[in-house]
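Chemist: With the input below, show me the fold.
(chains A, B, C and D)
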Number of protein chains: 4
Amino acid sequence: MLVCRESKNGRTIIKVGNVEFGGSTLVVIAGPCAVESEEQILTAALAVREAGGNVLRGGAYKPGTSPYPFQGLKEEGLKYLNEAGRIVELPIVTEVINEKTLGYALKYVDIVQIGARNMQNFSLLKAVGQANIPVILKRGYSATINEWLNAAEYIMAEGNDKVIFCERGISSFETATRYTLDISAVPVIKSKSHLPIIVDPSCSSCVNKYIIPLAKAAVAAGADGIMVEMHPKLQDALSDGMQSLDRSQFLELCNQLMAIEKVTKTFC
Amino acid sequence: MLVCRESKNGRTIIKVGNVEFGGSTLVVIAGPCAVESEEQILTAALAVREAGGNVLRGGAYKPGTSPYPFQGLKEEGLKYLNEAGRIVELPIVTEVINEKTLGYALKYVDIVQIGARNMQNFSLLKAVGQANIPVILKRGYSATINEWLNAAEYIMAEGNDKVIFCERGISSFETATRYTLDISAVPVIKSKSHLPIIVDPSCSSCVNKYIIPLAKAAVAAGADGIMVEMHPKLQDALSDGMQSLDRSQFLELCNQLMAIEKVTKTFC
Amino acid sequence: MLVCRESKNGRTIIKVGNVEFGGSTLVVIAGPCAVESEEQILTAALAVREAGGNVLRGGAYKPGTSPYPFQGLKEEGLKYLNEAGRIVELPIVTEVINEKTLGYALKYVDIVQIGARNMQNFSLLKAVGQANIPVILKRGYSATINEWLNAAEYIMAEGNDKVIFCERGISSFETATRYTLDISAVPVIKSKSHLPIIVDPSCSSCVNKYIIPLAKAAVAAGADGIMVEMHPKLQDALSDGMQSLDRSQFLELCNQLMAIEKVTKTFC
Amino acid sequence: MLVCRESKNGRTIIKVGNVEFGGSTLVVIAGPCAVESEEQILTAALAVREAGGNVLRGGAYKPGTSPYPFQGLKEEGLKYLNEAGRIVELPIVTEVINEKTLGYALKYVDIVQIGARNMQNFSLLKAVGQANIPVILKRGYSATINEWLNAAEYIMAEGNDKVIFCERGISSFETATRYTLDISAVPVIKSKSHLPIIVDPSCSSCVNKYIIPLAKAAVAAGADGIMVEMHPKLQDALSDGMQSLDRSQFLELCNQLMAIEKVTKTFC
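Modeler: All right, here's what the predicted structure looks like:
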């Protein structure tokens, strides 16, 4: 398989602007779950840059479990996100949910994300494989690592080799956290694939106070980056407030991660 | 929610030709995993009708875990399936994996199926919701029953109320079967929703010899129907041979189910 | 291994009084979770016999998740249970939790039960293996079938071959039921071992209205028996009221099971 | 509950010789899965001390899934362990599996361990609760954190407040690792209880090359210590060789943990 370590000499490094996934420096992706307004995403972008974050995230198409809640600002949201990214000079990432939203995203963003629920939406994987854009592939919450590697293979088989794995928690019987962060996925992916892997501790725990310890654990285990939700005004968030950091928590996180990064090395 | 028992007087009965899902008679859906040739699907169709099966199934678009194995005959397969269905005078069902394949399916089949991996592909759910065709909604293999009900709500919210749930096994630590058939889903769905529920014991166990006992269990628990894989020449199957019945096993299954059906009543 | 089908010609039938586990007739074990008083267990015993139940159950040592709730009447409870069993002329079963309670149980009961939490308490397994008494071995709620077979092997290796498996639900992410009844365990055990298997649908669902459909499913799948909680005065139960049947529900269950039993055969 | 943070001012620190669990310094427990000979445990003990480990471990009673493999040197093993501990001047820990082995352990060791399979062996919990010795309580591999807290409560309710939690992986559908290390358990326990928590990355992954990254993750997440298997002659190990470190890997682990410890603080 193309995703396997054996198929390549050395590790894949994916460059996006000045950022390198899989290189020697940790990547911190942050921003709100959903783009809610021009002002909100710009405020978030400034906070991300100020704390030392590397990539700005924001959702424009929010597929929720139920059909009725807020589902994103759609193309309007992508425009706001794009504008904020240019102002703070950070690459931006957003989730795509079908071929149509992929088409919009290609106009406005630097990296696309495939969400956990679409990890085995093979039509979407093929479409992303035919586009020339880095892609963050979240792990389905009951996908085995082997199925996840195969999902990446769908993308690579179509010609796109810029795939970044993102562990975000799996289903288990434990209910103290929303999902169970499978920290072992970091060394397992590093052992089996040449592609980079990042970790999203916001989705997995869904509990604000567990995000920082889990992010630190991910870096210590060898992750190439972290993706967190950060909302500049947490109390006003339209979605996912519980699992977001506020500005000061995010600053604290960045400082702690930088300290750990200095003393830890990627698993090899 | 529209799917809940409270939102409707009585239970939903979905008629397709002479078949009723959710009525007083058990529905048996059978056929090969994949349509492989004109001859294969016709042979299968004759075997299904002969044993007393009610609906013919056959896959034309086969989303596999890996991108490389056989992925179906596509539109050609739908034509063969349609032809076989007309000859044996049985309704036919096939899986759709995106809006494009839904478009083809609407031309050729009576019922569409959404596979487990697409249960939270919300774009596809909305598209199917806008079509006027019965839909079998398989449970995602790590979806909670609550998430499954919400997936059906996506379809109903767009105007299509002909949704049939299909339990097909969930992820667990047990490895003696490929997935763990959640038999409790039958009474739970009957208790929470007015929609019919069927069970697929082929996918869940992936072991030929467990299919008949599991199918019988499903009927005894109150399922409105059974969907099984049956291949007329099991040794030649291009996919999923392990989890298929052959002709004589399928005949045995139908006879045993009819006996159980007489002495059991749907949970109410 | 001694538990495997290959190690023996034919299936094991375990006789207790007039009851046969693994024979041609279904065994129905019923009674309250805990023996609460002399009157309560006698009333329950009469209800069990009247409805056609075959074995009386009642707990005297109740290991609860928390140390603080009611933990059983201990030896006094065993005396009441023994007395009730003699009056209604039914064999009795109770749970043992260590060597000391096993010693008491051997004086008063016909069958001992090892609970799910003790399935890998190897000291207890060995002690039971050295006693000459039939034992119901509940599946640990995260034990694989392979681990369960090995637990039975601990008992058989010490010389006691009267082991009855009891499936009672496993841990999973689904929360609509307390545990997920692994119905596939019935055909899997029948395929791998010569020993009988029964199913406990009370523990697994913990929801009164799902018990009857799950019990029927178990019998249709080939189980040799059913173990249910039945409390003569459900509203007064000191423990586990939610997962118990009342007298009229238990009568209904027995009638439905007898009807299914006639048309279904044990998996072979 | 006595285990909850609310029941106490500040955190519990458990002193054993010069070692403090829950204090400001990380505790590293290491040694072979099983004591195999006087020479083996002494060699291991010297390697543990040399690398900077704080506590020596070694099993004398090895409860295996199957009854047939090597099950430990029993009291003889405890004597060798005790002797090795005195020579290297390190506290020692061993697993107890019933009241009888607890009796022996009290004579020879400084800390007793309750294994995952006995986490809800309430008789054993009560017996340990009545002894005056620190106890490492491993998490049952399908126990929720809430059940784990309650198991500790059984010990504390009998008067022993020297309980150290040990996360060692839970059951899930993922098979790349033997168990899924629930790293979130570290911040969750720190948030809910005043008791210390350590992590065992050997049991959870069962893969040699994942042990170091997982140990580092645990420390970064705020664990008070690490318990690893280390065998001085890995190729000769009678049990669990796959999940053990050799001497040079253990030295590497200790060096890396000391570096992380300096830049990370316990979650509070």
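Chemist: Low-confidence ranges, chain A, go.
Modeler: By pLDDT under 70, the low-scoring segments of chain A are A:237-241, A:265-268.
Chemist: ok and the residue in it nearest chain B?
Modeler: residue A:142 (2.7 Å; CB to the nearest CB). Heads up, the C-betas are built off the backbone N, CA and C, glycines and all.
Chemist: residues near the spatially closest residue to that residue that is not a sequence neighbour, how many?
Modeler: Closest residue in space to residue A:142, ignoring its immediate chain neighbours: residue B:142 at 2.7 Å, by CB to CB, 6 or more residues apart in numbering or on different chains. Residue B:142: 25 surrounding residues under other CB atoms under 10 Å in any protein chain shown.
Chemist: any idea how far residue A:120 is from residue B:142?
Modeler: 11 Å (CB to CB, to the nearest Å).
Chemist: so what's in contact with these two at the same time?
Modeler: residue A:140 (CB atoms under 8 Å, 6 or more residues apart in numbering or on different chains).
Chemist: Show me what from chain A comes close to chain B.
Modeler: A:63, A:65-68, A:97-100, A:117-118, A:120-124, A:140-142, A:146-147, A:150, A:153-154, A:157, A:170-171 (CB under 8 Å from any CB of the partner chain).
Chemist: Drop anything exposed from those residues.
Modeler: A:63, A:65, A:67, A:97-99, A:117-118, A:120-124, A:140-142, A:147, A:150, A:153-154, A:157, A:170-171 (16 or more other CB atoms under 10 Å in any protein chain shown).
Chemist: Now intersect the residues you listed with the helices, please.
Modeler: Members of these lying in helices (criterion: DSSP state H): A:99, A:122, A:123, A:124, A:147, A:150, A:153, A:154, A:157.
Chemist: Quick check: chain neighbours aside, which residue is closest to the second one?
Modeler: Excluding its sequence neighbours, the residue lying closest to residue A:122 (CB to CB, 6+ apart) is residue B:63, at 4.4 Å.
Chemist: ok, the one you found - contacts?
Modeler: A:120, A:122, B:71, B:95, B:97, B:115, B:117, B:118.
Chemist: Need the max-distance pair from the residues you listed.
Modeler: The span of the contacts of residue B:63, defined through CB to CB, is set by B:71 and B:118 at 14.8 Å.
Chemist: Give me the nearest residue to the residue in the stretch 1-150 of chain A positioned nearest to chain D, chain neighbours excluded.
Modeler: Proximity of the stretch 1-150 of chain A to chain D (CB to the nearest CB) peaks at residue A:145, 4.7 Å away. Nearest non-adjacent residue to residue A:145, counting by CB to CB, 6+ apart: residue D:176, 4.7 Å away.
Chemist: Does the one you found fall in a helix, a strand, or a coil region?
Modeler: coil (DSSP: H, G, I helix; E, B strand; the rest coil).
Chemist: Could I get the phi/psi values of it?
Modeler: phi -70, psi -30 (degrees, to the nearest 10).
Chemist: for it, what are its contacts?
Modeler: Counted by CB under 8 Å, 6+ apart, residue D:176 has contacts A:144, A:145, A:146, A:184, A:185, A:188.
Chemist: In helices only, show me those residues.
Modeler: Per DSSP H, the subset of the contacts of residue D:176 in helices is A:145, A:146, A:185, A:188.
Chemist: Please list the residues of the stretch 101-250 of chain A that sit near chain C.
Modeler: Close to chain C, as judged by CB under 8 Å from any CB, the stretch 101-250 of chain A has residues A:142, A:171, A:172, A:173, A:175.
Chemist: So what sits opposite the residue nearest the centre of chain A in the bridge?
Modeler: By CA atoms, centre = their mean, chain A has its centre lying nearest to residue A:227, at 4.7 Å. Beta-bridge pairing of residue A:227 under DSSP bridges involves residue A:29.
Chemist: re the thing from before, separation between the residue nearest to residue A:145 and chain C?
Modeler: 17 Å (CB to the nearest CB, to the nearest Å).
Chemist: From residue A:190, how far off is that residue?
Modeler: For residue D:176, the distance to residue A:190 - CB to CB - is 12 Å.
Chemist: which secondary structure element contains the residue of chain A found nearest chain D?
Modeler: Here chain A gets closest to chain D at one residue, residue A:220, 3.5 Å apart by CB to the nearest CB. Following DSSP states H and E, one finds residue A:220 within helix A:211-221.
Chemist: Export only the CA atoms of that helix, formatted as PDB.
Modeler: C-alpha atoms of helix A:211-221 as PDB (Å, rounded to 0.1, in the frame of the first residue of the first chain):
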ATOM      1  CA  ILE A 211      -8.000  19.200  26.800                       C
ATOM      2  CA  ILE A 212      -4.600  20.500  28.000                       C
ATOM      3  CA  PRO A 213      -3.400  17.300  29.700                       C
ATOM      4  CA  LEU A 214      -4.500  15.300  26.600                       C
ATOM      5  CA  ALA A 215      -2.700  17.700  24.200                       C
ATOM      6  CA  LYS A 216       0.500  17.400  26.200                       C
ATOM      7  CA  ALA A 217       0.200  13.600  26.200                       C
ATOM      8  CA  ALA A 218      -0.200  13.600  22.400                       C
ATOM      9  CA  VAL A 219       2.900  15.600  21.900                       C
ATOM     10  CA  ALA A 220       4.900  13.400  24.300                       C
ATOM     11  CA  ALA A 221       3.700  10.300  22.400                       C
END
